[in-house]
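Just a sequence and a predicted model for now, questions to come.
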Number of protein chains: 2
Amino acid sequence: MTQPLALGIDIGGTNTAFGIVDEEGNIVEQGSMPTKGFATINLYLKALKKELSPLLKKAGKDNILGIGIGAPLANHYTGEIDNATNLEWHGVIPICKLVSDMLQLPAWLTNDANAAALGEMRYGSAKGMKDFIMLTLGTGLGSGIVANGQLIYGHDSFAGEMGHITAVREGGRECSCGRYGCLEQYASATGIALTAEKWLNVRTDESVLRRHKGMITGRIVTEAARGGDALALEIFDYTAIILGQVLADAVAMTSPEAFVFFGGLAKAGDILLNPAKKYMEQNLLHVYKNKVKLLLSSLPDADAAILGAAALVWHHGAPPQEVEE
Amino acid sequence: MTQPLALGIDIGGTNTAFGIVDEEGNIVEQGSMPTKGFATINLYLKALKKELSPLLKKAGKDNILGIGIGAPLANHYTGEIDNATNLEWHGVIPICKLVSDMLQLPAWLTNDANAAALGEMRYGSAKGMKDFIMLTLGTGLGSGIVANGQLIYGHDSFAGEMGHITAVREGGRECSCGRYGCLEQYASATGIALTAEKWLNVRTDESVLRRHKGMITGRIVTEAARGGDALALEIFDYTAIILGQVLADAVAMTSPEAFVFFGGLAKAGDILLNPAKKYMEQNLLHVYKNKVKLLLSSLPDADAAILGAAALVWHHGAPPQEVEE
């Protein structure tokens, strides 16, 4: 073996990205293919194998320690994807075993936000940290909680659903989960866009957001705020109040060194993080004040999912899915 | 060595309890002394040594693996007690090193609620669990969070302050920490007594609690509820609503197998736990429903603190305070 490598596979709702990564986070081979359009998991896997084979050959299969897979609704303990609504194959998919058997390599599975946390811990903003919380602010809000240098999976592998902490108890927005007031209905790209749409209906301020009414996205609110639009900035402040309160409560549980932000809404950078930090500090118990950092991911957008999945090979914290010959 | 033993020392505000414990949780020697009344830490330690020496001799000092110390505001990483307001010695006390040097044994330190968690994991209701949350409902609300079989200390050793999660955002009660709406202002022996006092001022219902107005304790509310007093039962229901909401949010973070309850208010048993379970379930994200147990501590009141401190010797998760000759 010349240098140890890991194969990272990120199975998203639309695309599957994969790459072969070394210990320092250099992606030596990479590629992608659609996730959609395969009637069965077997057809998908056949296509995946065809894509991966030349990469594995080039990198030298003997150098590859194992496979890390990031996927929605992934169960780390069983290696299964369980009824992920944004994938076409329903029911329980033993993806870890299927990929492991197909490529004859040990494989581990985790969900996207947990993979992101591992990627940041090994290669990104959380390098060297043993206690931090990853927050991915995209369509929803995903989280991966690291304590004592390990991901917290909980007894059922489903720990870290901070998007579904009840952030607003009175009159909270209905969530796709069927509950009300979930954090992701406010502090996500979708959430902040929804805030903007609602505010435009009841506010009379001038705002560049009015031009986009009915079609507002998180990016549009971010651009408006960046341009100094007062209403957009106020929307970020409102979002930060809600986010900051939940961050303070999370600190009272696991006392992280930092929160690391990734995803569409995180691109707002200081426009979100500065007020979120202010409101978190206002809500923190004294012993935690002025200790907890709010950081942006330092991984390139295009590579983060692959790096996160690959990091799982080095930080799996569990025996691999066994290879059956 | 005939059988490995641990010395557990629980330093409370009023009393210090200590005991020598075997791997199965049998206390082979034990005793106690006042914590108060010693002008300096050195005088306290001298008295402690005098108490411990005959016990160590009887149990055979060579059998003792180390010392676990439970204390308020304990920093596990530094081995220091930092300005504990309910102890007479102010400033930073390097208690771990002092005790370790004095007895020539490795020593570890943690706070009371964390020690309680370790005690339950090794000897009590959480035996065999790797993911659970300990809640001690006494004067305040203490918590110890266990994930992957380890206590979560966080980056600064102060993780697990769930008593200071903001449970009530609008019009929350002022807490001793200076903030408002903290969980411990509601879900603790003190908190439920406060609820009763407040309710008696605005409610006109008949209730046995009226007899105790101005002097209500958690125990009095519990006794009244046990006797079927409608107002007392309603107070427990109100307490359980607030507690259940926070439990559900905590599940969304660390997904524990169980919450284990200890302390004065926990003695209410099902009167508290049944409604708390009901409201937790109502607030849980679907993936967590009907999975999380609410359990009472199974350790005897008088021994729990000693067992918890002793358990630290087997579950310290950190190098000991080194012994200096």
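That came in fine, so what should we check first? Since we're looking at a predicted model, the values are computed, not measured.

Can you name the residues bridging to residue A:22?
Per DSSP bridges, the residues bridged to residue A:22 are residue A:5.

secondary structure element for the residue in the stretch 101-250 of chain A that chain B sits nearest to?
Residue of the stretch 101-250 of chain A nearest chain B, by CB to the nearest CB: residue A:154 (2.4 Å). Just so you know, the C-beta spots here come from the backbone N, C-alpha and C atoms, and that holds for glycine as well. Using DSSP states H and E, residue A:154 maps to neither a helix nor a strand.

mind checking pLDDT for it?
pLDDT recorded at residue A:154 is 97.

what residues does the stretch 51-200 of chain A put near chain B?
A:129-132, A:145, A:147-148, A:150, A:152-162, A:164-166, A:169-170, A:177-179 (CB under 8 Å from any CB of the partner chain).

Apply 10 Å and report the result again.
Within the stretch 51-200 of chain A, the positions near chain B by CB under 10 Å from any CB of the partner chain are A:73, A:82, A:129-133, A:143, A:145, A:147-148, A:150-170, A:175, A:177-183.

Low-confidence ranges, chain A, go.
A:1, A:317-325 (pLDDT under 70).

Go again with 80.
Scanning chain A for pLDDT under 80 picks out the ranges A:1-2, A:83-86, A:317-325.

Roughly how far does the closest residue to the residue of the stretch 101-250 of chain A closest to chain B other than its chain neighbours sit from residue B:247?
Once flanking residues are discounted, residue A:154 sits nearest to residue B:255: 2.4 Å by CB to CB, 6 or more residues apart in numbering or on different chains. Going from residue B:255 to residue B:247 by CB to CB, to the nearest Å gives 12 Å.

what do these two both touch?
residue B:292 (CB atoms under 10 Å, 6 or more residues apart in numbering or on different chains).

re the thing from before, is it correct that the residue of the stretch 101-250 of chain A closest to chain B is in contact with residue B:152?
No: using CB atoms under 10 Å, residue A:154 is not in contact with residue B:152; the gap is 11.9 Å.

Check which helix or strand residue A:294 maps to.
With DSSP H and E as criterion, residue A:294 is part of strand A:293-296.

The closest residue to residue A:76 other than its chain neighbours: what's it in contact with?
Nearest non-adjacent residue to residue A:76, counting by CB to CB, 6+ apart: residue A:157, 4.5 Å away. Residue A:157 makes contacts with A:74-80, A:82, A:109-111, A:114, A:151, A:318, B:255, B:287, as judged by CB under 10 Å, 6+ apart.

rewinding a little: how far is the strand holding residue A:294 from where the chain is centred?
Relative to the centre of its chain, strand A:293-296 is centred 15 Å away, using CA atoms, centre = their mean, to the nearest Å.

which helices and strands does the next helix or strand after that strand pack with?
Downstream of strand A:293-296, the next assigned helix or strand under DSSP H and E is helix A:301-314. When contacts are defined as 3 or more CB pairs under 10 Å, 6 or more residues apart in numbering or on different chains; DSSP states H and E, helix A:301-314 sits against strand A:5-11, strand A:15-22, strand A:27-34, strand A:64-70, strand A:107-110, helix A:112-123, strand A:132-137, strand A:258-262.

got CSV for these, with mean neighbour count too?
CSV is the format used below for these (neighbours: other CB atoms under 10 Å in any protein chain shown):
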stretch, mean neighbour count
strand A:5-11, 27
strand A:15-22, 22
strand A:27-34, 15
strand A:64-70, 25
strand A:107-110, 30
helix A:112-123, 29
strand A:132-137, 29
strand A:258-262, 26
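
Of all these, which one is nearest residue B:260?
Shortest distance between residue B:260 and those, using CB to CB, is found for strand A:132-137: 24.2 Å.
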